[in-house]
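Q: Kindly return the folded structure for what I paste below:
(chains A and B)
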Amino acid sequence: MNESYPYVKLFGLTFNLTNDIGILVTAVLAFCLVFWLSRKPQLRPSGKQNVLEYLIDFTNGIVKQSMPGPEGNRFGLLAFVLFVFIFLNNQIGLFLQVDVGGKTWFRSPTADPVITMSLAMLVLLLSHYFAVAMKGFGGYLKGYIEPVSFLLPINIIEEFTNFMTLAMRLYGNIFAGEVLVLLIRQFAFSGTGGITSLIVGFVLEMVWQGFSVFIGSIQAYVFVTLAMVYVSHKVVSE
Amino acid sequence: MASLGDTLFLLLTFAVLLFLVGKFAWGPVTKMMSERSDKINNDLDYAENARTEAQALAEKRQAELKNSQADAVKIVSTAKQNGEKQRQELVDAAHAEVATLKANAQQDIAQQKADALNSAKDDVAELSLAIATKIIGKELNADDQQALIDGYIKGLGDVNGNH
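A: The predicted model follows:
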């Protein structure tokens, strides 16, 4: 991860191949995992179906925390896919980082602020869309002067802060984690302490990877939770 | 920076993932989960109904059992009474019959005794008459003779003790 990426220009757009490969791989992984878990669902669940149902209950619980009413029912799928996708995005770069020819070809897509901002934008756009769809355009606009009208500027600023905090929190955690993974690797192979640095680096890397798995899971949970909180602010009429 | 291309790529990939997961995994599994919760609800309702019904049946059975016990007691006591009555009737009838038979038998015996005595008296009278006729050769008036013999026999009876 040396901040030098392969770029491709297509249809006048620039694509960072590192991000796109990572996104594609995690999306395919996520689909294969969930697809495999969901084969032959039965009334009496067993084995892998229990895993999937536990996951679904977990994300449904996140949705219900912020939207206990019937509004929450339509966001279950979004929360589930968002959680699985971000979780895999966070983890995948911990185990596989590919540098070829001085360029990084593979790492966690969520270690790029563009990707996390895209995810945050997706969530916030959906929240605006559903606010209009469920409360009407008037009700949506009225949300900006609640609870009192002089809070209008603060409410508008909040839209941007929500977007930035949602994106930057995820990016910062994952980026920092991967930088440290890289630094420990460089230390282990630097040859400064010979075999000792290799062993110490190996142990440190293992410890840090384990901790990063934890961080990645927590960040996926936090992202989905906050996304649902922001959506509920928009959608639920008090 | 390559923001727009990556953003579009991410949105497209995420939309496709959302669609595919929703169609192939989320749909069937959540359907099964809601079916299960429906089934559990139904089973709970059914169990509740069954429990209520069973309780009602048990109460009904208990009441019927009590009734049938009372019936049984009544039937047994009636049967006892009937049996007692019948037995009494039989005994009474038997007593009465025995008494009648005894009375009849005594009557018969007395009758036969009297008949035998009378016929013996007649025989003795005729016999004595015949003997006397032969001995005395003189014919007595039968009535006188009868009186004579009656007197004689009475004397005999007194000698032998009262008959």
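Q: Which parts of the chain are helices?
A: In the absence of a named chain, chain A is used. Using DSSP state H, the helices of chain A run over A:17-37, A:48-66, A:76-95, A:113-142, A:152-188, A:195-235.
Q: please go with chain B instead
A: Under DSSP H, chain B gives helices at B:3-21, B:27-136, B:142-160.
Q: circling back: looking at the helices of chain A, which is nearest to residue B:53?
A: Smallest distance to residue B:53 across the helices of chain A (CB to CB): 34.0 Å, for helix A:48-66. (C-beta placed from N, C-alpha, C; glycine too.)
Q: In that closest one, which residues are buried?
A: A:49, A:52, A:53, A:55, A:56, A:59, A:60, A:62, A:63, A:64, A:66 (16 or more other CB atoms under 10 Å in any protein chain shown).
Q: Redo the helices of chain B as TSV? Include mean pLDDT, distance to residue A:10 and mean neighbour count.
A: Converted to TSV, these look like this (pLDDT from 0 to 100; distance: least, CB to CB, whole Å; neighbours: other CB atoms under 10 Å in any protein chain shown):
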stretch	mean pLDDT	distance to residue A:10	mean neighbour count
helix B:3-21	82	7	18
helix B:27-136	91	34	11
helix B:142-160	78	170	12
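Q: who touches residue B:36 in this structure?
A: By CB atoms under 8 Å, 6 or more residues apart in numbering or on different chains, the contact set of residue B:36 is A:43, A:45.
Q: With respect to burial, which of the helices of chain A scores highest?
A: Per-stretch averages of neighbours, counted by mean count of other CB atoms under 10 Å in any protein chain shown, single out helix A:76-95 among the helices of chain A, with a mean of 23.
Q: Does chain B have contacts with that helix?
A: Yes. Contact of helix A:76-95 with chain B (CB under 8 Å from any CB of the partner chain) involves A:76, A:77, A:78, A:80, A:81, A:84, A:85.
Q: Report the angle between that helix and helix A:48-66.
A: Put simply, helix A:76-95 runs at 110 degrees to helix A:48-66, going by axes from the mean of the first three to the mean of the last three CA atoms, to 10 degrees.
Q: Report all helices and strands that helix A:76-95 contacts.
A: Applying 3 or more CB pairs under 8 Å, 6 or more residues apart in numbering or on different chains; DSSP states H and E, one finds that helix A:76-95 makes contact with helix A:17-37, helix A:48-66, helix A:113-142, helix A:152-188, helix A:195-235, helix B:3-21.
Q: Show me the contact partners of the second one.
A: Taking CB under 8 Å, 6+ apart as the criterion, the residues outside helix A:48-66 that touch it are A:34, A:36-42, A:45, A:72, A:75-76, A:79-80, A:83-84, A:221, A:224-225, A:228-229, A:231-232, B:25-26, B:29-30, B:33.
Q: And for the last one?
A: For helix B:3-21, contacts defined as CB under 8 Å, 6+ apart pick out A:10, A:13-16, A:19-20, A:23-24, A:27, A:30-31, A:34-35, A:77-78, A:80-81, A:84-85, A:109, A:112, A:114-115, A:117-119, A:121-122.
Q: can you pull the alpha-carbon coordinates of that helix into CSV?
A: Output in CSV follows, covering the C-alpha atoms of helix B:3-21 (Å, rounded to 0.1, in the frame of the first residue of the first chain):
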residue,chain,number,x,y,z
SER,B,3,-13.5,9.6,-7.6
LEU,B,4,-16.4,9.6,-10.1
GLY,B,5,-15.5,6.3,-11.8
ASP,B,6,-15.0,4.5,-8.6
THR,B,7,-18.2,6.0,-7.1
LEU,B,8,-20.3,4.9,-10.0
PHE,B,9,-18.6,1.4,-10.0
LEU,B,10,-19.4,1.1,-6.3
LEU,B,11,-23.0,2.2,-6.6
LEU,B,12,-23.6,-0.2,-9.5
THR,B,13,-21.9,-3.1,-7.8
PHE,B,14,-23.8,-2.4,-4.6
ALA,B,15,-27.1,-2.2,-6.4
VAL,B,16,-26.5,-5.5,-8.2
LEU,B,17,-25.4,-7.1,-4.9
LEU,B,18,-28.5,-5.7,-3.2
PHE,B,19,-30.7,-7.1,-5.9
LEU,B,20,-29.1,-10.5,-6.1
VAL,B,21,-28.9,-11.0,-2.3
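Q: Return the distance of that helix from the chain's centre.
A: How far helix B:3-21 lies from its chain's middle: 94 Å, per CA atoms, centre = their mean, to the nearest Å.
Q: residue contacts, the residue nearest the centre of chain A?
A: Centre of chain A computed as the mean C-alpha position; nearest residue by CA atoms, centre = their mean is residue A:86, 3.2 Å away. Going by CB under 8 Å, 6+ apart, residue A:86 touches A:110, A:119, A:170, A:219, A:220, A:223, A:224.
Q: Swap in 10 Å and give it another go.
A: Residue A:86 sits next to A:26, A:30, A:109-110, A:115-116, A:119, A:170, A:174, A:216-217, A:219-224, A:227 when contact means CB atoms under 10 Å, 6 or more residues apart in numbering or on different chains.
Q: can you tell me which of these are up against chain B?
A: A:26, A:30, A:109, A:115, A:116, A:119 (CB under 10 Å from any CB of the partner chain).
Q: Using a markdown table, please lay out the residues you listed together with pLDDT.
A: A markdown table is the format used below for the ones next to chain B among the contacts of residue A:86 (pLDDT from 0 to 100):
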| residue | pLDDT |
| --- | --- |
| A:26 | 88 |
| A:30 | 85 |
| A:109 | 83 |
| A:115 | 86 |
| A:116 | 88 |
| A:119 | 88 |
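Q: Spell out which two among those residues are the most distant pair, please.
A: Largest pairwise distance in the ones next to chain B among the contacts of residue A:86, by CB to CB, is 16.9 Å, between A:30 and A:116.
Q: Write out the residues of chain B neighbouring chain A.
A: Contacts of chain B with chain A, taken as CB under 10 Å from any CB, map to B:1-22, B:24-33, B:35-36, B:39.
Q: wait, doesn't residue A:111 sit right on residue A:170?
A: Yes. Look at residue A:111 against residue A:170 with CB atoms under 10 Å: they come within range, at 9.4 Å.
Q: what do the two both touch?
A: Common contact partners of residue A:111 and residue A:170 (CB under 10 Å, 6+ apart): A:89, A:90.
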